[in-house]
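In: With the sequence up front, the predicted model follows.
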Amino acid sequence: MNWKILAVDLDGTLMAGDGHISPTVIQSLHQARGRGVRVILATGRAEAPSLRYAHHLRLSDPVICYQGGMICLPGSGEVLYERTMPIELAVQVARWGRAHQRHLLLFADGQMWIEKRHHPDAMYDRWIGLPAREVPSLAERLNSGRIRRVLKFIDFLPEDERSSQQPEAAWHAAFGEQAQIVRSDPKFVEITAPGVTKGAALAWLARTWEIPREQVIAVGDAENDLAMIEWAGLGIAMGQANARVQAAADWIAPPIDEDGVAAVIARFILDGVLHG
C-alpha cells in the first residue's frame, strides 16, 4: 500500500507518562517521512505545547490539537482549521461545572483558566503544558466578552474518580446532545464543540490534500483516538490501549514501552524492516 498520511497521538502513543519519547520512535518517524509519508501529530493538547512537541520531533506537517478543534502549522503557528465552542454553551458548561464542584480547565484564545488551583503548578505544566490563570468565575470571564475562541474544557478528575465512569456519564447526561464529550485519559474528561474529533480533523486534512482515507494510517491508545482509528484506512491501537480501542482497530501495535509506533512504521511503511 502506498501510504500518504501517518497520524499519531502524542500521550500514550509517542510519549510515555514520564514525558520520554524513544529515540527509536523519533528515528522511525523520519524514516516514514523519507518514504514520502506526511506525519501528523494528533493530540488533545493546546496549540502552544503541541507545536513545541512538533518542533522537538522536527515535524513540519500540520498538527491536530485540542482533540481536533484546531489544525495549525509548525513554525508559523498559522491556523488552517478551527472549530470553536459557542460562548453561550461554554457559559453553561462553566456554570454546571461550578455547581457540581468539578475542577474545570478552560482553554480559549491560547490560554488556560481555572477557578481554583487544586494541584501544584508543576502538575499543570506536566499534564497540560500551559500556565494556569486563576479567575474568580469562568462563567463571568466568558460573559465579559474578553474571551473570543473557546476550544475546550477539561474536567481534571480527583484520584478517587479516575477509575469510575460516573463523571463522564454525568457530563453526557447534562450536555450529550450539545457537546462532544470524551475520556482522553483516566485523569481527564474533555468537553468540546459538537462534532469535534481527531477523526473529523484528519478527514479534513485528507480531503484538502486529496488523499483517500484508504491511504491514511492512524495510531492511538485512548478513547479520544477512536474517531481517527475508525476513520482511517488502517486504524491501529497501541498494545496498552483499553479493550474498546483495541476492538475498533485493524491491528494492535506493541505497547509504548516496546516502541509500538516504530513497529507500525517498520511493518506498514518500511516494508517490514526498521533500518538503523
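Out: Now that the structure is in, tell me what you want to look at. Residues are numbered from 1 along each chain as shown.
In: And the lowest-mean-pLDDT helix or strand in the chain, what does it pack against?
Out: Within the chain, no helix or strand scores below helix 121-127, which has a mean of 84 by mean pLDDT, DSSP states H and E. For helix 121-127, not one helix or strand is in contact under the criterion 3 or more C-beta pairs under 8 Å, 6 or more residues apart in numbering; DSSP states H and E. Just so you know, the C-beta spots here come from the backbone N, C-alpha and C atoms, and that holds for glycine as well.
In: who's in contact with it?
Out: 19, 112, 130, 131, 132, 156, 187 (C-beta atoms under 8 Å, 6 or more residues apart in numbering).
In: How far does it sit from its chain's centre?
Out: Computed by C-alpha atoms, centre = their mean, to the nearest Å, the chain-centroid distance of helix 121-127 equals 17 Å.
In: can you pull the buried residues of stretch 183-191?
Out: By 16 or more other C-beta atoms under 10 Å, the buried positions in stretch 183-191 come out as 183, 184, 185, 187, 188, 189, 190, 191.
In: Could you look up the SS state of the residue nearest to residue 104 when sequence neighbours are not counted?
Out: Spatial nearest neighbour of residue 104, excluding adjacent residues (C-beta to C-beta, 6 or more residues apart in numbering): residue 97 at 4.1 Å. What DSSP: H, G, I helix; E, B strand; the rest coil gives for residue 97 is helix.
In: Tell me, how many residues neighbour residue 97?
Out: By other C-beta atoms under 10 Å, 22 other residues sit near residue 97.
In: still on that earlier bit, sort the contacts of helix 121-127 by pLDDT and name the bottom one.
Out: In terms of pLDDT, residue 19 ranks lowest among those, with 86.
In: From residue 162, how far out is that one?
Out: 19 Å (C-beta to C-beta, to the nearest Å).
In: Looking at the two, which one has more neighbours?
Out: residue 162 (13 against 8).
In: re earlier: quick check, nearest of the buried residues of stretch 183-191 to residue 220?
Out: Nearest to residue 220 among those is residue 184, at 10.1 Å by C-beta to C-beta.
In: Report the contact partners of residue 134.
Out: Counting by C-beta under 8 Å, 6+ apart, residue 134 touches 113, 114, 115, 116, 117.
In: so what's the backbone phi/psi at it?
Out: Torsion angles at residue 134 (phi, psi; degrees, to the nearest 10) stand at phi -90, psi 130.
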